[in-house]
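>>> What would the 3D arrangement of this be:
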Amino acid sequence: MSWHEVAGELLQSRGSALKRYAYLLCGDRVEADDLVQEALVRVFARPRTSWDLEAAEAYVRRAMLNRYLDQHRRRARWALLVPRLALARSTGDFSPASGDRIDLASALDTLSPRQRACAVLRFYEDLSVAEVADRLGCSPGTVKRHLSDAVARLGKVLQTTFEGSGHVD
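So this is what the prediction gives:
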């Protein structure tokens, strides 16, 4: 199939799954749409003689992950260089106002970019530790450490949410 046929088929059949994956990585719907679009442009801008749908989706997902990590590094460097002029945002506890609802997106925001990427790849994409390590270009031990830290942090955040809502005995 040609690149435009594969791109069309990929968007039609897997577009919503790609958007969900991007949203879990970055936590923002607009940024997720941008991640998907930029990844598609990066992947399909390079000429290839033949395409298949599975390989194209894997390339797009990898491009999205790389772009997310690059953006986070860039923002972190920028934050160190530019003095903050605005007041810090409130970090108050809003869990009582949310009632019984647990906001997983907020819990994911407490993770570092690497922890978040490992958690999304392991638990959402259902990849093995070795596959996550391969995608991120690090050792399985590093992935295990990031997953352990992520699960511990998410447990604390979600436990606090449960305690605040009165669900813990």
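>>> Show me what counts as buried in the helix or strand that residue 41 is a member of.
Per DSSP states H and E: residue 41 is located in helix 29-44. Using 16 or more other C-beta atoms under 10 Å as the test for burial, helix 29-44 gives 32, 35-36, 38-40, 42-44. Backbone N, C-alpha and C define where each C-beta goes, glycine included.
>>> From what I see, residue 48 and residue 1 are in contact.
No: counting by C-beta atoms under 8 Å, residue 48 stays clear of residue 1, with 10.6 Å between them.
>>> Could you look up the SS state of the residue nearest to the spatial centre of the chain?
Residue closest to the average C-alpha location in the chain (C-alpha atoms, centre = their mean): residue 25, at 1.0 Å. Here residue 25 is recorded as helix under DSSP: H, G, I helix; E, B strand; the rest coil.
>>> before we move on, what about residue 7?
Quick answer, by three-state DSSP: residue 7 is helix.
>>> And the nearest residue to the residue nearest to the centre of the chain once chain neighbours are set aside, how far from residue 52?
Among residues not flanking residue 25 along the chain, residue 68 sits closest, at 4.6 Å (C-beta to C-beta, 6 or more residues apart in numbering). Noted for residue 68: a distance of 25 Å to residue 52, by C-beta to C-beta, to the nearest Å.
>>> more neighbours, the two?
residue 68 (21 against 10; other C-beta atoms under 10 Å).
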